[in-house]
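[1] Kindly generate the corresponding structure for this input.
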Amino acid sequence: MIKFGTGGWRAIIGDEFTKENIQILAMAMVEKMKNEHVADEGIIIGYDRRFLSKEAMRWCGQVFAQHGIKAKLVNKSSPTPLIMYYVEAHSLHYGMMITASHNPAIYNGVKVFTYGGRDADEKETADIEHYIADVTDIPVPEMDYDEAVEKGLIEEIYPINEYLDNILKAVNVQAIRDANLHIALDPMYGVAETSIKTILITARCEVDTIHGRHDTLFGGKLPAPNEEALRQLGAFVVDRKCQIGLATDGDADRIGVVDDTGRYLSPDEIMILLYYYLVKYRGEKGAVVRNLCTTHMLDRIAEEFGENCYEVPVGFKWISAKMTETGALIGGESSGGLTVRGHIHGKDGVYAAALLVEMLAVTGRKVSELMNEIREHYGTIYMSQSSYRFKASRKEELLNILSKDRKIPEFTQEIDHVSYMDGCKVYFKNGGWVSARFSGTEPLLRVFAEMPSKDEAEAVSEAWRVFLGLDHDGNGKNAA
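    Next up, the predicted model:
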């Protein structure tokens with residue numbers, strides 16, 4: 001029942017996300033750590049603001065304690081990147097985070113991190129699933145929580161300061177202090193407010209927050225910083241005359257932005273802005289890594305500065321692995337996650353927020369002005385994003401079309417080549433592309449297209465929809 005996707009294990013609360021399954025997963029990690037002879041170093045576990053997150057963290061800790069493995073439990077809801085940072089900084093082999101990230105409120109889940117603070121890759125998660133299959137002693141034995149604390153097998157910690165200090169060392173705090181910036185913050189009822197606000201206030205910014213209270217239903221909306229969800233933030237920025245509006249998803253590993261005019265910036269535009277800022281204004285050197293659904297505008301910027309742009313499958317583990325391999329400067333994806341060389345090996349919306357504020361301070365430019373500067377120099381390309389639901393009975397049929405039979409629609413544009421690295425991506429000779437792949441976290445087929453014109457981007461996306469006989473679940477379009 002426990003299967004890992006691109007963002008860890010996620011399941012509906014009360015259906016598959018149950019105490020029994022959570023402790024089966026913990027037991028699998030116990031056996032894995034013992035067999036790898038790393039049990040003595042212990043494990044860190046954190047949690048977000050979702051329903052049952054704190055309880056799930058404690059249930060895991062009780063299983064580890066029962067088997068003599070020390071569990072450090074973060075005793076306040078915290079950003080996912082805090083756990084990744086702690087795993088890396090303290091040379092642990094494993095950490096866990098109870099979260100379903102940006103999924104609907106009825107979901108919860110678990111992310112597993114490995115040595116270096118990385119997302120568990122496919123090899124690691126497959127290994128964990130094998131250990132899960134071997135758990136037969138159910139319900140899993142657990143130690144009483146208070147007893148475990150008394151014996152030192154559970155330790156409650158809150159390492160927020162070392163995480164935030166690490167970010168403050170990485171950004172130009174003095175430049176931010178000198179800029180007297182006014183920032184709007186929307187943590188989307190999630191865990192980011194304390195972290196981002198602490199950084200910004202330390203740098204003498206004026207910060208106004210919306211949606212900061214604890215709400216396990218996330219205000220009745222998806223805790224994802226998309227265009228629809230950030231309309232209120234956009235209006236707030238304009239009304240309060242802020243320089244930028246910053247938002248994060250439920251567990252703070254993804255960033256969302258509205259500019260000084262209240263306009264929503266797509267994750268692609270955020271990546272473009274930050275890479276451009278790092279190479280143009282900071283004078284940094286290095287390649288960029290993007291997944292196959294992320295804008296090729298990054299390729300143009302990289303080429304301009306004599307750097308490479310590397311394409312990888314969807315899933316941040318591929319981004320971080322390629323960055324390590326190539327020494328790339330920045331890596332990110334169209335879902336809103338990014339990181340920069342020298343920081344953690346995973347997505348961090350808190351760090352991204354700090355870097356964006358530094359960008360405003362150092363350049364002295366508005367976000368809208370910087371985007372216009374980029375478009376004037378590199379041109380404009382248009383992105384179309386569509387999501388399609390399908391009946392479970394059709395999944396095998398659709399998989400066969402995309403991966404086995406490798407059929408594609410008849411496009412009017414001339415095709416350059418086709419890649420099956422992750423789903424199907426068609427590259428056109430005019431520089432555009434369209435990809436179709438299954439979501440790793442939701443029962444959706446996603447189609448992304450980027451073309452020289454809006455009409456062309458929508459047309460190649462529609463060609464996939466008609467070819468596969470799918471109905472719309474949602475659709476968003478933007479230009480980069």
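[2] I'd like the distance from stretch 14-25 to the chain centre, please.
    Averaging C-alpha positions (Cα atoms, centre = their mean, to the nearest Å) puts stretch 14-25 24 Å from its chain's average.
[3] Check which residues of that stretch are buried.
    By neighbour count, and taking 16 or more other Cβ atoms under 10 Å as the criterion, the buried residues in stretch 14-25 are 16-18, 21-25. Quick note: C-beta positions are derived from backbone N, CA and C, even for glycine.
[4] Please apply the same query to stretch 391-401.
    If you call a residue buried by 16+ other Cβ under 10 Å, then stretch 391-401 has these buried ones: 398, 401.
[5] can you redo the buried residues of stretch 14-25 as TSV with secondary structure, distance to Asp416 and pLDDT?
    What follows is these, written out as TSV (DSSP: H, G, I helix; E, B strand; the rest coil; distance: Cβ to Cβ, whole Å; pLDDT from 0 to 100):
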residue	secondary structure	distance to Asp416	pLDDT
Glu16	coil	42	96
Phe17	strand	44	97
Thr18	coil	49	97
Asn21	helix	46	97
Ile22	helix	47	98
Gln23	helix	51	98
Ile24	helix	47	97
Leu25	helix	44	98
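[6] Specify which member of those is nearest to Lys151.
    Taking Cβ to Cβ as the measure, Lys151 lies nearest Gln23 of the buried residues of stretch 14-25, at 18.8 Å.
[7] For the closest one, list the residues it contacts.
    Taking Cβ atoms under 8 Å, 6 or more residues apart in numbering as the contact definition, Gln23 lies against 59-60, 62-63, 139-140, 142.
[8] Distance-wise, check it relative to Glu55.
    Computed as Cβ to Cβ, to the nearest Å, the Gln23 to Glu55 distance reads 11 Å.
[9] again with Ile138
    Between Ile138 and Glu55 the computed distance is 19 Å (Cβ to Cβ).
[10] ok, so of the buried residues of stretch 14-25, who is nearest Val238?
    Nearest to Val238 among the buried residues of stretch 14-25 is Phe17, at 39.4 Å by Cβ to Cβ.
[11] from memory the closest one sits against Asn103, does it?
    No - taking contact to mean Cβ atoms under 8 Å, the distance of 10.7 Å between Phe17 and Asn103 leaves them out of contact.
[12] Let me see the ranges of the helices in the stretch 101-250 of the chain.
    122-133, 145-150, 160-170, 173-179, 193-202, 231-240 (DSSP state H, counting those that start in this stretch).
[13] In the longest one, which residues are buried?
    Going back to what we said before, that points to helix 122-133. Result for helix 122-133 [16+ other Cβ under 10 Å]: buried residues 124-125, 127-128, 131-132.
[14] from those residues, which is closest to Glu358?
    Ranked by distance to Glu358 (Cβ to Cβ), those are led by Glu124 at 33.7 Å.
[15] That closest one contacts Lys111, doesn't it?
    No - in this structure, Glu124 sits apart from Lys111 without contact. The criterion is Cβ under 8 Å, and the distance is 11.6 Å.
[16] what's the spacing between stretch 128-135 and its chain's center?
    Taking Cα atoms, centre = their mean, the mean C-alpha location of stretch 128-135 is offset from the chain mean by 26 Å.
[17] typo on my end, stretch 56-71
    In terms of Cα atoms, centre = their mean, the gap separating the centre of stretch 56-71 from the centre of its chain is 27 Å.
[18] So for that stretch, mean pLDDT?
    When pLDDT is averaged along stretch 56-71, the result is 98.
[19] Could you do stretch 213-228 as well?
    Regarding stretch 213-228, the rounded mean pLDDT is 92.
[20] where are the low-confidence patches of the protein?
    441, 472-480 (pLDDT under 70).
[21] what's the domain layout of it?
    In the domain annotation for the chain, the residue ranges read 9-160, 180-263, 266-347, 382-479 (automatic domain parsing).
[22] For Ser368, which of these is the nearest?
    Nearest to Ser368 among the domains of the chain is domain 180-263 (4.8 Å), distances taken as Cβ to Cβ.
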